[in-house]
Structures are given as C-alpha cells and as structure tokens.
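Student: Attaching a predicted model along with its sequence, questions to come.
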Amino acid sequence: MIDVQDLTKYYNDFCAVDHISLSVQPGEILGLLGPNGAGKTTTLRMLTGYFKPTSGRISVKNLDMPKDTLRIKSLIGYLPESAPLYHNMLVYDYLVYVARIKGIADPDKQMERFKTLADLCGLSSIMDKPIATLSKGLKQRVGLAHAMMTDPEILVLDEPTSGLDPNQIAEIRTIIRQIGKEKTIVFSTHILSEAEATCDRIVIINNGRIVADDTTANLKHKGMQNSFVRLTLKGPDRKTAHDFLTSMDPVLDIRTAEPNQEGLVCFEIRSPDSRDVRSDIYLKIKQTDWIILELARETQALEKIFQQLTRQEA
Amino acid sequence: MSQIKTIAVKEFKDYFISPIAYIVIALFLIVTGWFFFSTFFIFGRADMRDFFSLLPIVFSFFIPAVTMRLFAEERNVGSYETLLTMPVSFTDIALGKFFAATLFAGAMLVPTLAYPVFISFIGDMDPGPVAGGYLGALFLAAAYCAMGLFASALTRNQIIAFILGCALCFTLTIINRMLFFMPPQIVSVIEYIGASSHFTNFSKGILDSRDIIYFISLVCIFMFSTYIVMQEKN
C-alpha cells in the first residue's frame, strides 16, 4: 500500500529524518512511536506530500511522488497535529468547503456523506457552531471528519489524541479502531499504551532513524523477556529472606529493592529463562509464616523497550 | 478549475465574515471620497480624472492590507498544511486566492460608482474615460493583488507581508516621479516599468494593448514568483 525507501529530510544542516524505509500493508494499523522531536511529524508530512523529501522515494499504491503527488493526496486523508482549521468558519461551511475541494460537488452526495461523518465523529450537535468556539477534542473530531471526507483508503493521523482529556482520548481511539477495520491507518503518538491498544504494528523512531519495526505482539514478547517479579514481604529481615529465596531451584536472579514502607522487605526477581515464576515463589513462601503483600509481574513491557531504544542513542 | 472557484469563493466570503472587509472598504471610501471631492468643486470639471489619479497611491496601501492575510495567516495558524495536503495544486491555490483578492478590490470600487452617477446629474460627463478608468482600476488592482500575494507568500507574519506589499506597490507607483534622478540611458525603461503612466492612459479613455499587456505581465510575473515561493518553502 505505502512504500517508503531511504526517506531523508534535512532542515538546513539539521537532519530530521535519516534514511527511513517502511512499508505498510493494506488494512494495517501502523503506529509511529518516538520521543518528541524524533521525526514523526516530518515523516508523516513527507508521506502526505506537504514537505518535499531531501532524498528518498515514496510510493503509494504504485503511484510515485512527486510525479503523482496530486493523485496520492486524493488517496490519503490526513489529520495534522492539533487539527489546524479555519477558525472563522462554521463547522458545516467548513465541511462543505472541504467536500468541494476534494471533489464532491453534488449537494445530495455531500449531505449523505456529512450524515455518515456526523454519526461517526459525533458532530451532529456542533454543525452550526464557529470552529473557533470548539474545544480541542471537538476540533480534533472536525479534523477527523475532514480527513475522512472522501472515505479514503489510507488515513494518516498525526498525534490524534495529544492534548485531549481521558474521555476524549477513549472516544478518538474507538473511532480509530472502528475505521481501522477496513482502512489502512498510519498514526503517530508518544503514548505507548495507545499504540499498544490500537496498532497491529509499531515502528519506533529516534533521532530520525527507525530503531524498531515489528508487530505489537512481537515487541511485547521481547519486552516480556526483560520482565521481573516484584515481591514484598512482611515478617523476615532482608538477609533471611534473601538466603531463603536463593535456595530455590532453579536459581533466580534476586535483587533487593527499596520497600515503600518501614519494616518490609522488597525484591525484584528475574528468572534466567524469562518464565513466569510467581507460582514457584508463592509455593516456596507458603512453607514459612511470612506474609506476601505484593507479588506482581512488571507488565510495562513496551515502555521498557521504548526507553531502552530511545535512550541509548540520545 | 472548480477548485480555483471553491478557494476563491471561500477566501472572498472570509473577508466579509471578519470585520476586515467593512473596515477596509469604509476607510477606502473615506480616503478617496475626501481627497476627490475636496478639490472637485474648486476645479468645476465634470470628470473623474482626479479620482483615478488618486487610485495608484491609495491602492498601494489598501491592496496589501487586503492580501496580507492570504498566505501569512494560513501559515501562522497551520491550516496551510491542511490545505496543501488536500488534492489541490499550488497553481489552483495561488490563483484562487488571487481571484478572491481581485474580486474584493472590485467590490471596494463598486460603491464609488455612485460618483459618476452623481456627477452626470450636475454636469455633462464624458462616459468613455470613466469606463476606461474603471477597467484600468481593475487591471491595476489585479497587478497589485499579485504583488501583495507574493509578499504574503514570503512570510508567516501578516505585518511583514503588509509592509513588503506596500513597498512593492509603492515603488511601482512613484517610480515615474523619480525619473529626474535616473541616468538618462535608462529613463525610458524606468518609465515603462512604472505603473502610473500605464494607468493614466486608461483613465484618459485610451485602451492601448501595451498597457493591457503591461498589467497582465505584472500579474504573470508575480503569480509565477508566488508559485516558486510556495514550492521552495516546502
């Protein structure tokens, strides 16, 4: 569907995007992840034809940029970061304007499309309001309607949930997942849980380079390998508990951690084969009269991977 | 073609949604009305020559005020990105905005049509120079709009766009009066470059193809420059 090769963008001397190669399959939801300033927005802007790449090749459905830029633009619906719209227009007028520019001239077809979009994005009650008076979340929805005006095959969304409150984030995510059933979606975010919850595939960018490109499941699995179990006990002193746990078979990697309360002992336990060892630990501790206050597997797998990948280069 | 129209209509409506249109038109009428009629009865001539001779200098301040927002505001707000990622070509965008501005300049002139009507009541007026003058005014406005649009495409700051636009238009307006300081070899060239002499021909009722070509070339040059700036800025 989308094929990007060796995409590079320089702003004067600063290299914002450095030889990025990507390909997106039809029907895939691809999450572009990265810290602020990693080059996510620049990549998406080149993909949508707003910026000219310094070098590299972009092709969408076998159409090449810059030769077929105009046709590619009509295949892609794009929601720029923080949805910049014309503030002095009414929502309805704006949608009419967008429909006309995108080639829906027939008023009946426009109305039909507006109804679908109003239902999908929840715009029915704000059609007659000036865009300037809308809250950020509502603007975002108008922007989404703008992007989906012609029912495009590809949607590119740049940080669609940034700056929204948790309820609005949930709404936008629902919409994305709903559309994602039949469309190809590329969206950028720096919220990991969001990528984890919505994407089929995740590409992590740092300093303009791709540092990871894998399915969400695979990435999570990789993260699990570094996972550990956090154990908090009440009863024994640190030394006794440590010796007791070390005597377990197979031998576990046990590190002491700071307990969050006086009189407790806390450990981070890793098993060599990244197996879930919680049941082993429980059975072992059951033999004593200590009290288990916490026995939890660290689950922020993606977060760890993200930090590892983006910190070592910074 | 339809996209040029869509953009032109949208931009034209935009002027009237915000207070810009009303302020600019009112000011324009006050300024031209005052300067024209303050001497009109002293000379006692039933023509509009003095009105038209005012236009180049008045336009060089009013037209940039009309065009300054066209690109600069979109860049500043960020809607430029939304616009450019829709399936429209740079040419469509530039032409749409140009036609909107020229149309607005036309709308600015419409209320002044009351002057010739009024004058024809109190004296025997020759309609030829007046019709020619209005036609010339449209050509002049179109050329200045192209220059203002070019200035607006250069920056994201509306004030800078305005000042640049004024500087461009003002230069073309007064360059004819600077001939005295020019070396004699280039006097004729400079005279041709200045806008006033070409416009004066129109307001005398002379439709000379040279003048028409002059204004059309100005429009073409600055529209093409705008196109190049748009392309280079991305």
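Tutor: On my side now, so go ahead. Just so it is clear, the model here is predicted, and its values are computed rather than measured. Numbering: from 1, shown residues only, chains lettered A, B, ... in the order given.
Student: tell me which parts of the stretch 51-200 of chain A are close to chain B?
Tutor: A:51-52, A:70-71, A:73-74, A:76, A:78, A:80, A:82-89, A:97-98, A:100-103, A:105, A:143, A:146 (C-beta under 8 Å from any C-beta of the partner chain). Glycine gets a C-beta too; all of them are placed from N, C-alpha and C.
Student: Could you identify the buried members of these?
Tutor: A:51, A:73-74, A:76, A:78, A:80, A:82-87, A:89, A:97-98, A:100-102, A:143, A:146 (16 or more other C-beta atoms under 10 Å in any protein chain shown).
Student: ok, the residue nearest the centre of chain A - contacts?
Tutor: Nearest to the mean C-alpha position of chain A, by C-alpha atoms, centre = their mean, lies A:A195 at 2.9 Å. A:A195 makes contact with A:G31, A:L33, A:T189, A:I202, A:T216, A:L302, according to C-beta atoms under 8 Å, 6 or more residues apart in numbering or on different chains.
Student: Likewise for A:Y97?
Tutor: A:Y86, A:M89, B:T6, B:K10.
Student: and residue 205, how many residues sit next to it?
Tutor: You didn't pick a chain, so chain A it is. 26 (other C-beta atoms under 10 Å in any protein chain shown).
Student: sorry, should have said chain B
Tutor: 16.
Student: circling back to that earlier point, ok, so of the contacts of A:Y97, who is nearest B:A141?
Tutor: Nearest to B:A141, judged by C-beta to C-beta, of these is B:K10 at 19.9 Å.
Student: Tell me how far the closest residue to that closest one other than its chain neighbours lies from B:A8.
Tutor: Excluding the flanking residues, the one nearest B:K10 by C-beta to C-beta, 6 or more residues apart in numbering or on different chains is A:Y97, at 5.2 Å. Using C-beta to C-beta, to the nearest Å, one obtains 12 Å as the distance from A:Y97 to B:A8.
Student: Go through the residues of the stretch 51-200 of chain A next to chain B and flag which are in helices.
Tutor: If you go by DSSP state H, these have A:L70, A:R71, A:K73, A:S74, A:Y97, A:V98, A:R100, A:I101, A:G143, A:H146 in helices.
Student: List the contacts of the first one.
Tutor: If I follow you right, that is A:L70. B:P87, B:V88, B:S89.
Student: So which of these wins on neighbours?
Tutor: B:V88 (21 neighbours).
Student: How much space separates the nearest residue to it once chain neighbours are set aside from B:K10?
Tutor: Counting by C-beta to C-beta, 6+ apart, B:Q3 is the residue found nearest to B:V88 once chain neighbours are left out, at 5.2 Å. B:Q3 is 11 Å from B:K10, where distance means C-beta to C-beta.
Student: Same check on A:I191?
Tutor: Taking C-beta to C-beta, one finds A:I191 at 35 Å from B:K10.
Student: can you give me the helices in the chain?
Tutor: If you meant another chain, say so; for now it's chain A. Under DSSP H, chain A gives helices at A:40-47, A:69-75, A:91-101, A:107-121, A:136-147, A:166-180, A:192-198, A:216-225, A:238-246, A:278-286, A:301-311.
Student: was after chain B, sorry
Tutor: Listed in chain order, the helices of chain B (DSSP H) span B:2-17, B:20-43, B:49-67, B:69-77, B:79-84, B:90-109, B:114-122, B:127-154, B:158-174, B:187-193, B:195-203, B:209-233.
Student: now those helices in a markdown table, with mean pLDDT and mean neighbour count?
Tutor: Shown next, in a markdown table, are the helices of chain B (pLDDT from 0 to 100; neighbours: other C-beta atoms under 10 Å in any protein chain shown):
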| stretch | mean pLDDT | mean neighbour count |
| --- | --- | --- |
| helix B:2-17 | 91 | 18 |
| helix B:20-43 | 89 | 14 |
| helix B:49-67 | 91 | 22 |
| helix B:69-77 | 90 | 21 |
| helix B:79-84 | 89 | 20 |
| helix B:90-109 | 94 | 22 |
| helix B:114-122 | 89 | 13 |
| helix B:127-154 | 93 | 24 |
| helix B:158-174 | 93 | 19 |
| helix B:187-193 | 84 | 13 |
| helix B:195-203 | 87 | 22 |
| helix B:209-233 | 92 | 16 |
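Student: Give me the most central residue, chain B.
Tutor: The residue lying closest to the centre of chain B (C-alpha atoms, centre = their mean) is B:A141, at 2.4 Å.
Student: Spit out the contact partners of the closest residue to it other than its chain neighbours.
Tutor: Closest residue to B:A141 apart from its sequence neighbours, by C-beta to C-beta, 6+ apart: B:A105 at 3.6 Å. B:A105 makes contacts with B:F59, B:I63, B:V66, B:L138, B:A141, B:A142, B:Y144, B:C145, as judged by C-beta under 8 Å, 6+ apart.
Student: any idea which of those is closest to chain A?
Tutor: B:V66 (15.8 Å; C-beta to the nearest C-beta).
Student: Got the phi and psi for the residue nearest to B:I159 when sequence neighbours are not counted?
Tutor: Sequence neighbours aside, B:M68 is the residue nearest to B:I159 in space, at 7.7 Å (criterion: C-beta to C-beta, 6+ apart). The phi and psi torsions at B:M68 (degrees, to the nearest 10) take the values phi -60, psi -30.
Student: pretty sure B:M68 is touching B:Q158, no?
Tutor: Yes: the criterion here is C-beta atoms under 8 Å, and B:M68 meets it with B:Q158 at 4.8 Å.
Student: Which residues are in contact with each of these two?
Tutor: Common neighbours of B:M68 and B:Q158 (C-beta under 8 Å, 6+ apart) are B:S152.
Student: what sits against residue 31?
Tutor: Looking at chain A here, since you left the chain open. A:G31 touches A:F187, A:S188, A:T189, A:E194, A:A195, A:T198, A:C199, A:R201, A:I202, A:V203, A:T216, counting by C-beta under 8 Å, 6+ apart.
Student: Chain B was what I was after
Tutor: Going by C-beta under 8 Å, 6+ apart, the list of residues near B:V31 reads B:V58.
Student: From chain A, how far off is it?
Tutor: 26 Å (C-beta to the nearest C-beta, to the nearest Å).
Student: and if you look at B:M178?
Tutor: B:M178 is 38 Å from chain A, by C-beta to the nearest C-beta.
Student: go on, B:I175?
Tutor: Distance of B:I175 to chain A, computed by C-beta to the nearest C-beta: 36 Å.
Student: For residue 46, which non-adjacent residue is spatially closest?
Tutor: The chain I'm using is chain A. A:P53 (4.8 Å).
Student: wait, chain B
Tutor: B:G123 (2.8 Å).
Student: Same check on A:K73?
Tutor: Nearest non-adjacent residue to A:K73 (C-beta to C-beta, 6+ apart): B:P87, at 4.3 Å.
Student: tell me the pLDDT at the one you found?
Tutor: Here the pLDDT value assigned to B:P87 is 88.
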